[in-house]
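**Q** Have a look at this prediction, sequence included:
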Amino acid sequence: MKLMNTRKLILEAQDKGYAVPAFNIHNLETIQTVLETCERLKSPVILAATPSTVKYADKEYLIAIMEAAMEKVTIPFAFHLDHFENVRDIKTIISAGCRSVMLDASKRPFEENVAIVKEVVDFAHACGATVEAELGKLGGQEDDLVVCDEDACFTDPEEAVEFVTRTGIDTLAVAIGTAHGLYKRNPELDFERLDRIRKVVNVPLVLHGASGVPVEVVQKAIDLGISKVNIATELKIPFSSAIRQYFSEHPDASDPRQYLVPAKEQMAKVVEEKVKMCKSSQRA
C-alpha cells in the first residue's frame, strides 16, 4: 500500500476544530507505541522523522515499517519528514515513497526561503506529496537545527500571506512563542498574532514546540486555528526514564524484549495525554 500525504488529515481537522497530533518517532518501538495508542483512541496521527532519525533508522526501513503498519491499523496516518533542510535529501525520500515533508528554510532570508520552498513544492506536488514550511524562527533545538533565543522571531501575518501565495505550500508552521525542547518557564503564546494569521492565511496552521506547553494553552491555540501539533521531547523523556528505572531494578538485565516494554508503556501514557489535548480522539 502507498503511504498517504497529510492533506486530508489536516484539512478535516481544520474543518472540525481539532488538531492532528504529530509525534516524532525514532525506531520500531516508538512507531508501535504511537500507532497502537492512537488505534485504541481512534485518533488520526502523523508520525514524524527528523533527518537524524532517517539517518539512524534508514529511509527504506522506515518506509517499509510504515507500509506494513497500514495493514495492521485502521486509523488514518501519515509518515512525515520533519525539519529537513537539504533539498536533495527531501527529493530522494519523496522518490522512495514518503508523501509528506516539512522543509525548514526559516533561517534563510525571506526571498531565499520562498525560492527553496517553491522548488520543493513543485517537486513534491508532482509526486503527490504535501509540503509544510516555516515562517519566523522558533528558538531552541530540533535535531541538529539550533536557534538561539535572541535569533528567534515571530511570524508576520502580512509576510505569511505572501509566503503562502508564492510558494503554494499545504501547511504553514507559525512562530508565536513556542520553542523546541523543554521550557524553563511556561511559554507565553501570542494569540492575537495567531488570530490575525488565521484570518488572512488560507492553509492549515501548524504549532511546533508543543512539548511542555500547558494543555489549556495548546487547546486555545487549536480553537484559534492550529490544525497540527508537533510533540517530540515529551515522548523521549518517559521512554528513556523507564529504561533507566528498569536497569536500576534489574542491573543484570540484557533482553531488550523485557526492558523496552515499560518504556513503551510510559511513552503510551504521554501519547494518550497529547491525543486528548489535541481533541483528536474518536475522530478516525
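**A** Happy to help now that I have it. These numbers come from a predicted model, not from an experiment. Numbers count the residues shown, from 1 in each chain.
**Q** Next, work out how far apart the residue in the chain sticking out farthest from the centre and Tyr259 are.
**A** Within the chain, the residue lying farthest from the chain centre (CA atoms, centre = their mean) is Asp252, at 36.6 Å. Separation of Asp252 from Tyr259 (CB to CB, to the nearest Å): 11 Å. The C-beta positions use only the backbone N, C-alpha and C, and glycine is treated the same way.
**Q** Repeat that for Val206.
**A** Taken as CB to CB, the span from Val206 to Tyr259 is 34 Å.
**Q** More neighbours: which of these two?
**A** Val206 (25 against 18; other CB atoms under 10 Å).
**Q** Give me the distance between the helix or strand where that one lies and the centre of its chain.
**A** Element membership for Val206, per DSSP states H and E: strand 205-207. A distance of 9 Å separates the centroid of the chain from that of strand 205-207, by CA atoms, centre = their mean, to the nearest Å.
**Q** Restricting to C-alpha, output stretch 58-71 in PDB.
**A** Extracted C-alpha coordinates of stretch 58-71, given in PDB (Å, rounded to 0.1, in the frame of the first residue of the first chain):
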ATOM      1  CA  ASP A  58      17.400   4.300   7.200                       C
ATOM      2  CA  LYS A  59      14.700   5.600   4.900                       C
ATOM      3  CA  GLU A  60      13.900   2.200   3.300                       C
ATOM      4  CA  TYR A  61      13.400   0.500   6.700                       C
ATOM      5  CA  LEU A  62      11.200   3.400   7.900                       C
ATOM      6  CA  ILE A  63       9.000   3.400   4.800                       C
ATOM      7  CA  ALA A  64       8.700  -0.400   4.900                       C
ATOM      8  CA  ILE A  65       7.600  -0.300   8.500                       C
ATOM      9  CA  MET A  66       5.100   2.400   7.700                       C
ATOM     10  CA  GLU A  67       3.700   0.400   4.800                       C
ATOM     11  CA  ALA A  68       3.400  -2.700   7.000                       C
ATOM     12  CA  ALA A  69       1.700  -0.700   9.700                       C
ATOM     13  CA  MET A  70      -1.000   0.300   7.200                       C
ATOM     14  CA  GLU A  71      -2.100  -3.400   7.100                       C
END
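**Q** Could you give me the buried positions within that stretch?
**A** Across stretch 58-71, burial judged by 16 or more other CB atoms under 10 Å covers Lys59, Leu62, Ile63, Ile65, Met66, Ala69, Met70.
**Q** Look at Val117 and give its secondary structure.
**A** Of the three states, Val117 takes helix under DSSP: H, G, I helix; E, B strand; the rest coil.
**Q** show me the contacts for it.
**A** Leu103, Ala105, Val131, Ala133, Phe163, Thr167, Ile169 (CB atoms under 8 Å, 6 or more residues apart in numbering).
**Q** Look up how far Val164 lies from it.
**A** 10 Å.
**Q** Tell me where this structure has strands.
**A** All strands of the chain, identified by DSSP state E, fall at 20-24, 45-49, 77-84, 100-103, 130-135, 139-142, 145-147, 171-174, 179-180, 205-207, 226-231.
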